[in-house]
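Participant: have a look at this prediction, sequence included:
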Amino acid sequence: MIIKPKIRGFICTTTHPTGCEKNVLDQIAKTKANGEIKNGPKKVLVIGSSSGYGLSSRIAAAFGSGAATIGVFFEKPATEKKPGTAGWYNAAAFDKAAHEAGLYAKSINGDAFSNEARDKVIELIKEDLGEIDLVVYSLASPVRKMPESGEVIRSVLKPIGEPYRSTAIDTNRDVIIDAEIEPATQEEVDQTVTVMGGQDWELWMSALSEAGVLAEGARTVAYSYIGSDITWPIYWHGALGKAKEDLDRASQAINSELAKQGGGANVAVLKSVVTQASSAIPVMPLYLSMVFKVMREKGLHEGCMDQIYRMFAERLYNDNNPAELVDDSNRLRLDDWELREDVQQACRDLWPQITDANLFAETDYQLYKDEFLKLFGFGVDGVDYEAEVDPQVEFDVITL
Ligand SMILES: NC(=O)c1ccc[n+]([C@@H]2O[C@H](COP(=O)([O-])OP(=O)(O)OC[C@H]3O[C@@H](n4cnc5c(N)ncnc54)[C@H](O)[C@@H]3O)[C@@H](O)[C@H]2O)c1
């Protein structure tokens with residue numbers, strides 16, 4: 001089969017197995033080139049490990065620190081008619097590369113919000129690893145099926161209080177539009193907190209702790225975004241921001257438990273990057289196109305792998321100056337470069353000037369589009385897209 005991209009709204013409905021594999025191999029090569037993470041983790045669970053920041057976390061742990069990894073994700077293999085999801089191919093590529101490198105790697109494909117997933121992970125840790133010393137929580141999901149009632153709760157990407165009006169990019173037509181998003185109701189805010197807040201992370205950590213599979217000194221980290229006044233109305237001050245505030249609450253609760261055993265919990269605030277999750281957020285494509293250009297010109301541009309390697313090497317496993325490595329809410333800040341005043345001011349200055357005519361010239365919108373396609377395995381250097389490719393990629397995965 002020859003596979004070409006088919007974009008619908010903010011997703012691409014086709015994927016390229018070879019391109020996805022190459023993306024993973026490129027991230028592994030980058031990690032190896034960066035060198036070993038000193039005193040890094042050795043037995044790691046990554047929840048949400050098949051794409052974006054979770055995939056980079058698994059790669060950093062395995063190839064930067066020689067860690068055994070268990071990955072949990074929710075992906076689809078190919079069917080007769082359709083290629084698999086990008087995360088499926090990414091996970092398969094990671095599995096192959098880890099095993100070739102002699103590293104332990106096992107994967108669970110199923111709903112991480114379910115008790116069944118927690119039980120399976122605990123069983124696997126007991127059988128194979130005994131205990132784990134790091135848990136990375138990197139889920140991004142628009143829905144959560146509640147583990148006890150089975151009720152399906154949905155999150156929203158909306159402001160709170162008043163409508164949000166802004167220019168944005170219509171990514172299907174590559175033109176600037178005026179976007180208006182109605183505010184979330186209180187019920188929608190609450191539901192967003194239920195889906196993307198800290199409760200599920202707490203359930204994971206207490207289940208692991210009760211099962212006795214957390215090593216002494218075990219750490220956990222969950223990912224957040226804050227941004228600046230430019231995106232606050234839709235993000236930090238919006239429904240998703242409330243969920244991320246709840247992640248901070250959960251972090252403190254988990255931290256006080258883990259600290260008893262010499263470990264700890266942190267939220268890591270990461271920079272904005274192109275992932276399937278972020279491309280769904282209104283206005284993000286325009287902001288990303290601007291901030292990429294500004295940061296690139298200042299030599300500050302980073303992708304998922306750069307951010308996560310920096311988080312492991314310079315924050316989480318840097319024992320030199322622990323107190324200076326967190327903000328006053330005990331968060332690891334990797335958004336320090338993005339939030340530099342000169343970077344944000346350049347974006348504020350640029351924003352009102354962008355029109356259909358100068359979108360490509362004045363911003364990195366082309367780079368945004370390239371990165372978006374790359375998420376699905378397209379436009380990756382060194383891949384022959386005219387060659388036949390078999391979409392059926394199998395690997396040893398535990399399916400729930
Ligand atoms: N993308 C950004 O710009 C950005 C910036 C800062 C923080 N973050 C945060 O990083 C975290 C990860 O986001 P991302 O952008 O890497 O997302 P992503 O869409 O690339 O990855 C999400 C992962 O979650 C998994 N997943 C989703 N629902 C699941 C379920 N029910 N069960 C099991 N696995 C499931 C997917 O399989 C995938 O592995 C989120 O908390 C997000 O808010 C993202």
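Facilitator: Cool, the structure landed.

Participant: quick one: name the residues of the stretch 101-250 of the chain near the ligand.
Facilitator: Contact residues (Cβ under 6 Å from any ligand atom) of the stretch 101-250 of the chain with the ligand: Asp111, Ala112, Phe113, Ser138, Leu139, Ala140, Ser141, Tyr223, Ser224, Tyr225. Any C-beta I mention is one placed from the backbone N, CA and C, and that applies to glycine too.

Participant: ok, the fifth one - contacts?
Facilitator: Yep, that's Leu139 we're talking about. Ile47, Gly48, Gly54, Ala112, Phe113, Met196, Asp200 (Cβ atoms under 8 Å, 6 or more residues apart in numbering).

Participant: I'd say the fifth one and Lys145 touch.
Facilitator: To tie it back to what came earlier, the one meant is Phe113. Yes - using Cβ atoms under 8 Å, Phe113 makes contact with Lys145 at a distance of 5.8 Å.

Participant: rewinding a little: turn the residues of the stretch 101-250 of the chain next to the ligand into TSV, columns for secondary structure and pLDDT.
Facilitator: Below are those laid out as TSV (DSSP: H, G, I helix; E, B strand; the rest coil; pLDDT from 0 to 100):
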residue	secondary structure	pLDDT
Asp111	coil	98
Ala112	coil	98
Phe113	coil	98
Ser138	coil	98
Leu139	coil	97
Ala140	coil	95
Ser141	coil	95
Tyr223	strand	98
Ser224	strand	98
Tyr225	coil	97
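
Participant: who wins on neighbours among the residues you listed?
Facilitator: Ser138 (27 neighbours; other Cβ atoms under 10 Å).

Participant: so who does Ala222 touch?
Facilitator: Val136, Tyr137, Ser138, Gly198, Trp201, Leu247, Ala250, Ser251, Ala265, Asn266, Val267, Ala268.

Participant: look up the closest residue to the third one, ignoring the ones flanking it.
Facilitator: To tie it back to what came earlier, the one meant is Ser138. Gly54 (3.3 Å; Cβ to Cβ, 6 or more residues apart in numbering).

Participant: tell me which element the one you found falls in.
Facilitator: Using DSSP states H and E, Gly54 falls within helix 52-65.

Participant: pretty sure Leu103 contacts Ile70?
Facilitator: No - using Cβ under 8 Å, Leu103 is not in contact with Ile70, being 11.7 Å away.

Participant: of the two, who's got more company?
Facilitator: Using other Cβ under 10 Å as the criterion, Leu103 and Ile70 rank with Ile70 on top: 25 against 17.

Participant: so what's that one bridging to?
Facilitator: Beta-bridge partners for Ile70, by DSSP bridges, are Leu45, Lys106.

Participant: contacts only, for it.
Facilitator: Contacts of Ile70 by Cβ under 8 Å, 6+ apart are Val44, Leu45, Val46, Ala105, Lys106, Ser107, Ile108, Val121, Leu124, Ile125, Leu129, Ile132.

Participant: want to throw those into TSV with neighbour count?
Facilitator: Formatted as TSV, those follow (neighbours: other Cβ atoms under 10 Å):
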residue	neighbour count
Val44	25
Leu45	31
Val46	28
Ala105	22
Lys106	19
Ser107	25
Ile108	23
Val121	27
Leu124	17
Ile125	22
Leu129	20
Ile132	24
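
Participant: nearest to the ligand: which residue in the protein?
Facilitator: Per Cβ to the nearest ligand atom, Gly52 is where the chain lies closest to the ligand, at 2.1 Å.
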